[in-house]
Structure formats: structure tokens, C-alpha cells
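Engineer: Prediction below, plus the sequence it came from.
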Amino acid sequence: MSQRSVDIAVVGAGPCGLAVGAAATSADLRTVLFDRGPLCSSIVGYPSYMSFFSTPENLEIENLPFVTEGRNPSRKEALAYYRGVARYFDLDVRQYQEVEAVTKIGAEFELRTRTQSGELERWTAESVVVATGGFAEPNYLGVPGEDLPKVSHYYKEAHPYWNQDVLVVGGGNSAVEAALDLFRVGARVTVVHFGADFDPGVKAWILPDIQNRIKNREVAVRWRCRVAEIHPRTAILRSENGGAIDEIPNDWVLALTGWRPDPVLLRSMGIEVDDETGIPVHDPLTMETPISGVFVAGVLVAGIDANKVFIENGKLHGRKIVERFVETR
């Protein structure tokens, strides 16, 4: 079993993990990034049509220019840019290599990792940064039938749902964009949301579109409702106003209800994670946890509220961490 040594080991190779790696490399620190999936796996999982709310300047890493055709970068452009970041800063990115355990031994940390082929490796690092994002697992509905093949918490494209009855659960950007995409290819779409309106954070340029589709009865909506049960050919909805039950024909359920981070690695290292908010204990000025030498970065810092930390502000954690590392070294 091989063993290698670096100054900083980063767990997670999304945009914010890349920002840590780029800042560390710029400071002449030996750095390695591990990810159990591909580079920027959360962006890989976005719908193929997706474009970012931000302008390219706000997504740039360490001032490396991000040039796009339009005002808002597409998913494809973002993936190309972040591949470019990894190449430009010559980052050692270990894709498909999961960090199974982190143990503090003296003044250093030992990481046990497993490659895609099953090979075990051991690494030592002066510091460890956990930047595993906020998309480890979906917010499940927790209802009977959620494990049926017709149910998905992911959405990639509309074509497979042509001429089908599709229930879209949620009121955020993902649900709204999916509902519009599905409508335009000929799916029969019903949106179900426990609120009385769409979430306040829905992009301003798509909100009038979905509102007009609902007004014209081209997309159905059930406000103040929740999915109570899912059956092979129907779905049961329960009203939040009095609990009335309604059963509707249904071929597919897309539960686009958000995601949550995975706290297992942090807790295994002795770092407390708030049960209610999902936020790990850390100093927001340095991003260091109570375990000296262990830092958190990116969307993970926001816990279950992914609307607080984005690439735009999560990328700034990299410089904070590197400054703290150099200061205390």
C-alpha cells in the first residue's frame, strides 16, 4: 500500500474544492484533491440545458478569466472552464477516489483512500479541507412508494417524458425549469408544492413563463399540497388546508425537493455538526473547525440551507484557508 505526503489534502473536487487547490498552489503548497466522482460532479448532474444565474466573472477561480458566449454561463461552459482551472494550476485531482477515513497522528493527518479499481492508498497531510458540497443525497419525501422505479430525484432532460403524466414536486428553480422543459416537449405536467406560491429565489426571467403556463392551464399546479403516497399508476395528494385527499393519474414523479450534505466524514473526525441546521462547527473568518488543521469549504458550510453559500462566495473560502494555514504553519 503506497503512502504519499502533501501539505493540504482537499476532500471534494467541485468548484470550491478547486478554489482551495488553486489558492494553495499559488502559495507554493503541495496539494491533492480527492473526489469519489468526476471533477465537479454536482455540475455534471445538472440538467443538460441548465445555465447559471451568475455572470462568469462571479464564478472565476483565482482571477483566471471565464469567457462565455452569453451573459450567463451554460453547464457545458462551466465544466469546460473548471477543467481549464485544474489544468492551468496543474492540480493533482484524484477522480473516483473516495476518502474512507481521516485520522490525526501527531501533528499530521493520515487519509485512507480507495481508488475506482479498489486499491487502497494512504496519504499524510499537514491540513485537511472538507469541501464535499451540499448534494450528497436528496431531501426524500418519506412517503410510501418513493422507491418505485417511476420516482426520481434527478432530472436531466425532457424527451423520455413525452406524452406522459409527470408530477413535479417542489417550488424552486429546479422544479420550475423542469416543469417548463417538460411542458415544451409535450408532457402533461402537474406541479405540487407545499407553499402557496413558488419560492422567492426562483430566477426572475423564468417566473413569468411558468406563471403564464399555469394561467393558460398548460401546466397544472396544486398549491398547499404534499405527496402522501405513490402508486404504480397514480399519486395521492394531501391538502395542507384540511387534509383532503386526491388521487391523480401519474406515470412519473420527479421529486425536485433539494439536497443535503453528508456529515459522516466530519463527524468521524470528531467535528460537531448541528442536527437541525446541518452546519459544521467552524470559524467563519478562517474556515477552521475546532480540530486544528481541519477546515471546511464551499456549500457544505451552509448545511441544509444551500441558498446561503454558492460558488460565488464559497470560492472565497480557499484564500481564507490558505492564509490561515500559512499563518499557523
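Structural biologist: Happy to help now that I have it.
Engineer: Mind pulling up the pLDDT for residue 2?
Structural biologist: Looking at residue 2, its pLDDT is 60.
Engineer: do residue 47 as well
Structural biologist: 85.
Engineer: Now do the same contact list for it.
Structural biologist: By CB atoms under 8 Å, 6 or more residues apart in numbering, residue 47 lies in contact with 75, 155-157, 174, 177-178, 181. Using the backbone N, CA and C atoms, a C-beta is placed for each residue, glycine as well.
Engineer: Which two among the residues you listed are spaced furthest apart?
Structural biologist: Of all pairs drawn from these, the one with the longest distance (CB to CB) is 75 and 178, at 14.2 Å.
Engineer: And the top strand by length along the chain, what does it pack against?
Structural biologist: For the chain, the strand reaching the highest residue count under DSSP state E is reported as strand 120-130. Packing partners of strand 120-130 (3 or more CB pairs under 8 Å, 6 or more residues apart in numbering; DSSP states H and E): strand 3-11, strand 108-114, strand 294-296, helix 317-328.
Engineer: OK, contacts around residue 284?
Structural biologist: With CB under 8 Å, 6+ apart, residue 284 has these contacts: residue 301.
Engineer: what's the answer for residue 213, then?
Structural biologist: Applying CB under 8 Å, 6+ apart, the residues contacting residue 213 are 179-180, 183, 219.
Engineer: coming back round to it: can you add pLDDT and distance to residue 316 and give the contacts of residue 47 back as CSV?
Structural biologist: Compiled in CSV, these are given as follows (pLDDT from 0 to 100; distance: CB to CB, whole Å):
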residue, pLDDT, distance to residue 316
75, 93, 23
155, 93, 30
156, 91, 30
157, 92, 33
174, 91, 25
177, 93, 27
178, 96, 30
181, 96, 32
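Engineer: from the residues you listed, which would you call buried?
Structural biologist: Neighbour-count burial (16 or more other CB atoms under 10 Å) is assigned, among the contacts of residue 47, to 75, 155, 174, 177-178, 181.
Engineer: Which of those sits closest to residue 321?
Structural biologist: residue 75 (27.1 Å).
Engineer: residues in contact with the host helix or strand of residue 43?
Structural biologist: Using DSSP states H and E, residue 43 sits within helix 41-44. Helix 41-44 is touched from outside by 13-15, 35, 37-38, 75, 78-79, 82, 133, 135, with contacts defined as CB under 8 Å, 6+ apart.
Engineer: name the element residue 195 belongs to?
Structural biologist: Using DSSP H and E, residue 195 falls outside every helix and strand.
Engineer: do you know how far it is from residue 67?
Structural biologist: 38 Å (CB to CB, to the nearest Å).
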